[in-house]
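Student: sequence-free structure coming up:
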């Protein structure tokens, strides 16, 4: 403060006549005041418009220092006095210019900092709200009812692709259930949150008294097929009987398809070209091996998006495209309805958005 006050004293002294008729021209003082104001405003707004600027506080001080010089210089200009500034403006006398400078600098920097802080808080709140909304959208909400949204092939009216909502345990309209499995063909435990675990439990024989699983039919069948092999090639399809699902859900066969691979420390990740899982499963359904079964409907989960941690939109697009391409190429396929399980609202919406772009399909009323 003493330095600033001394500076104004020197400026005041400079304003007194050193020789008769010789003064600092008023135009120079006015031009300096205006230039100081413009430069200060430029620095302030330039810094303010830079999002999350680390230099805002220091630039804010410099900007308001220049802005505060404007009223101070105007007071000196209009009230130079003789050897000192003794003019009065809104209560300012000798210290008027100095007081105007200090007050403008203090008031400006204080309010600008508060405004910038409020702006930062608003921006952070917007980001947090956006992240919260994204979390809400990413958190799957199960569809409570079982309903099938059918899409008919324009050129093959007897062939359809459908999106089935709800849990797989409530589906009773498919001859074949496809189980998204790992390349080791190791089924999930009974109570794991996965299609594999649900199929394994529902296919097991239950004790009539306790109701618990007493004969692990599907897992035993799969283990028998694997023999001494520890893994299979990605997209391989192995077929087992459906165990108790034949009686309870009208399922004739279970297709176990290697859709994910395990990596140490990483868990399970989707295989490359996951659409081949759909293609190979449909080929299996059309094989002579199943001629006596004559399956008409096959149910796929959205493979790779559960425990496989894959991208929902990307993988769903590959799976749906593989299904439609197979039907268009194999017009005589025995399968009339290819169903995809969309147990959550997020899965249903994504698949509906994808299928809306398939020109070969039309949504049935």
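Tutor: Received it, and whenever you're ready, just let me know what you need. Nothing here was measured: the structure is a model prediction, and the numbers come from that model. Numbers count the residues shown, from 1 in each chain.
Student: hang on, residue 30 in a strand?
Tutor: No: read with DSSP: H, G, I helix; E, B strand; the rest coil, residue 30 is helix and lies in no strand.
Student: mind listing what's buried in the lengthiest strand in the chain?
Tutor: Using DSSP state E, we find that the single longest strand of the chain is strand 253-263. Under the neighbour-count criterion of 16 or more other Cβ atoms under 10 Å, strand 253-263 has 253-261 buried. C-beta here means a position set from N, CA and C on the backbone, and glycine is covered the same way.
Student: TSV for the residues you listed, including distance to residue 212 and pLDDT?
Tutor: TSV is the format used below for the buried residues of strand 253-263 (distance: Cβ to Cβ, whole Å; pLDDT from 0 to 100):
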residue	distance to residue 212	pLDDT
253	25	98
254	21	98
255	27	98
256	24	98
257	28	98
258	29	97
259	29	96
260	28	95
261	32	93
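Student: and residue 155, its phi and psi?
Tutor: phi -90, psi -10 (degrees, to the nearest 10).
Student: now the one 5 residues further on
Tutor: Main-chain torsions, residue 160, degrees, to the nearest 10: phi -140, psi 160.
Student: just checking, it touches residue 153?
Tutor: Yes: assessed by Cβ atoms under 8 Å, residue 160 is found in contact with residue 153 at 7.1 Å.
Student: quick check: which element contains residue 341?
Tutor: strand 337-342 (DSSP states H and E).
Student: partners of that strand in the sheet?
Tutor: When pairing is defined by DSSP bridges, strand 337-342 lines up against strand 160-165 (parallel), strand 297-300 (parallel).
Student: so which of the ones you listed is the most surrounded?
Tutor: strand 297-300 (a mean of 24; mean count of other Cβ atoms under 10 Å).
Student: beyond that one, next helix or strand please.
Tutor: Following strand 297-300 in sequence, per DSSP H and E, is helix 312-329.
Student: remind me what that next one packs against, helices and strands.
Tutor: Here helix 312-329 touches strand 148-153, strand 160-165, helix 275-285, strand 337-342, helix 345-355, going by 3 or more Cβ pairs under 8 Å, 6 or more residues apart in numbering; DSSP states H and E.
Student: hey, which of these is tucked in deepest?
Tutor: strand 337-342 (a mean of 24).
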